[in-house]
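[1] sequence first, then the predicted structure:
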Amino acid sequence: MKLFLLFFPLSTLLLVLQTTLWTMFLPQIPCPNTTLLITLYLGFQAPLLYGGVCALMFGFLLDVFSGVTFGFHGIILLAIFILTAGFGRQLNGDNPLILPLATIIGSAAFAFMSVLLLLLFSDRDQVWLQILSSIPSQIGANLMAVIILRPLFTYLGRIGGVQPVHPFRKTP
Amino acid sequence: MRDFLDLQKRLFVLLILFLCALLLYSYNLRTKPDTNLFERSVLLLTEPLSQGVSAATRGAIDLWQDYLNLVGVKQENDSLRQELKHLERTQIHNNELAAENVRLKKLLEFRESVEEQAIPAQVISADAMNWFRTITINKGTSSGISENMPVMAASGVVGRTIKCAANSSRVLLITDASSAVAALIQDSRTRTVARGTGSGISCEYAARLDEPGVGDHLVTSGTGGVFPKGIPIGTVTRVQTPEYGLFQTIKAKPAVDFSRLEEVLVIIVKKEQ
């Protein structure tokens, strides 16, 4: 619970700042997906069930600030959390290169899942090209953001009392 | 063995959670656009912060620009005076036309079926993701705004409201891929559906035999149920007529420059009972 109470306001604050300031000063540069970065971090650190609920809530939060249909980002971030928790925890989560690497893969996965959901469920047949073409620049923006925000995530994680948890071990 | 079963149990719960999220998304897609309690609460709580940050930044930018523009103010003043005189002449002409229109409407016993009221609002933020085209404005349900109301700028259609909280609303821009507006090409009277492509507008279902040209004006047709008739949407930039088939491909440039959008008008349409 403590982890959620620390990261939810942070995510909200980052979303408010990026929707107000980023578009005003850097309209040509893609905005980093900070909610995805927090979900990836929790994918390595938070217990499986608790982290899953957190990821879903972060997705719902992103739905308030982006997109048209409520629930869209919730599904994507939950799926990304499950994949990170399932595969990423086989790796050494304390390695400083792991989160940037996960950011590259996670950003691409986020875009592909968005395309898949939009093509399967809604009639946005023209958006897929736009999303796919923005993947490289989005990865770049997310990578820059994760390098800047990683120390803050680690600090908040430490306050939240999380330890790297292996999914095959019993979680506290 | 026990740990393995425990893991299976947790994965099963996550799978159920995932399916519930999928059902929720699917349900929201197929129902009338509405703002739920979670969305309302987050918008209500973040609105003062968004507005504060937006106002402070805009104030700082204005101050800097005022300083920079001070040198050219006199020259601009003269040209504005000239423009004002020209606009005054146009205004007189428009008043004449409006009076004539009223007389003709009376003559035809035309009944106004739509009563419109416009609420000015300021743009306070844009979409958090790069591939959606939405903006947030600083007026909401407390000002009488609700979902599916048309939003305009001085130069034309901006979009429609999709989520409304007490003091803020999110607007889906006409350039978003999920936006579709019933439209009419003014000169050729070609009926079409103006759909967003992210950066511009693509006109769908325009009959092949009609002959719209590059530079023609695209306006709302008033048949979609959201936008009143005759509001500018954009200008035709490309027309591709195939040899066979029913429809032609038309691309248009939006009338509104969305990168410089600061103030908008929300049209409150009250249909007659």
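    Looks like it arrived, so ask away. Numbering: from 1, shown residues only, chains lettered A, B, ... in the order given.

[2] helix, strand or coil for residue B:245?
    Look at residue B:245: counting by DSSP: H, G, I helix; E, B strand; the rest coil, its state is coil.

[3] quick one: residues contacting residue B:268.
    By C-beta atoms under 8 Å, 6 or more residues apart in numbering or on different chains, residue B:268 lies in contact with B:116-119, B:144-145, B:149. C-beta: built from backbone N, CA, C; applies to glycine.

[4] and the host helix or strand of it, what's buried?
    Assigned by DSSP states H and E, residue B:268 falls within strand B:263-271. Residues of strand B:263-271 classed as buried by neighbour count (16 or more other C-beta atoms under 10 Å in any protein chain shown): B:264-268.

[5] can you redo those residues as TSV with distance to residue A:20?
    What follows is these, written out as TSV (distance: C-beta to C-beta, whole Å):
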residue	distance to residue A:20
B:264	16
B:265	21
B:266	20
B:267	25
B:268	26
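
[6] farthest pair in the residues you listed?
    Comparing all pairs in the buried residues of strand B:263-271 by C-beta to C-beta, the longest separation belongs to B:264 and B:268, at 13.1 Å.

[7] thinking again about what came up before, of the buried residues of strand B:263-271, just say which sits nearest to residue A:140.
    Nearest to residue A:140 among the buried residues of strand B:263-271 is residue B:264, at 31.9 Å by C-beta to C-beta.

[8] surely that closest one and residue B:137 touch.
    Yes. Here residue B:264 reaches residue B:137: they are 6.1 Å apart, a contact under C-beta atoms under 8 Å.

[9] can you tell me the centre-most residue of chain A?
    Centroid-nearest residue in chain A, with C-alpha atoms, centre = their mean: residue A:36, separated by 1.1 Å.

[10] farthest-apart pair in the contacts of residue B:268, please.
    B:116 and B:145 (13.5 Å).

[11] who has more neighbours out of the two?
    The neighbour comparison of residue B:116 against residue B:145 (other C-beta atoms under 10 Å in any protein chain shown) goes to residue B:145, with 23 against 12.

[12] where does pLDDT dip in chain B?
    For chain B, the stretches flagged by pLDDT under 70 are B:1-5, B:32, B:71, B:103-116, B:270-273.

[13] hey, where'd the helices end up in it?
    Taking DSSP state H as the test, the helices found in chain B are B:2-30, B:37-69, B:73-107.

[14] I'd like to know which of those helices lies nearest to chain A.
    Comparison of the helices of chain B against chain A by C-beta to the nearest C-beta identifies helix B:2-30 as nearest, at 3.4 Å.

[15] so which bits of the stretch 101-250 of chain B are right by chain A?
    Counting by C-beta under 8 Å from any C-beta of the partner chain, the residues of the stretch 101-250 of chain B close to chain A are B:124-132, B:134, B:136, B:162-163, B:172, B:176-178, B:195-198, B:202.

[16] what about these, which are in strands?
    Counted as lying in strands by DSSP state E, out of those, are B:124-126, B:134, B:136, B:162-163, B:172, B:195-196, B:202.

[17] which two of those have the greatest separation?
    Using C-beta to C-beta, the two most remote members of these are B:124 and B:202, lying 29.0 Å apart.

[18] of these two, who's got more company?
    Just comparing residue B:124 and residue B:202: by other C-beta under 10 Å the higher neighbour count belongs to residue B:124, 24 against 18.

[19] please report the distance of the closest residue to that one other than its chain neighbours from residue A:70.
    With sequence-adjacent residues excluded and distances taken as C-beta to C-beta, 6 or more residues apart in numbering or on different chains, residue B:124 is closest to residue B:54, at 4.3 Å. Separation of residue B:54 from residue A:70 (C-beta to C-beta, to the nearest Å): 24 Å.

[20] residue B:269 too?
    25 Å.

[21] what sits closest to residue A:15 if chain neighbours are left out?
    Excluding the flanking residues, the one nearest residue A:15 by C-beta to C-beta, 6+ apart is residue A:65, at 4.8 Å.

[22] need the pLDDT of that neighbour.
    Confidence at residue A:65, expressed as pLDDT, is 90.
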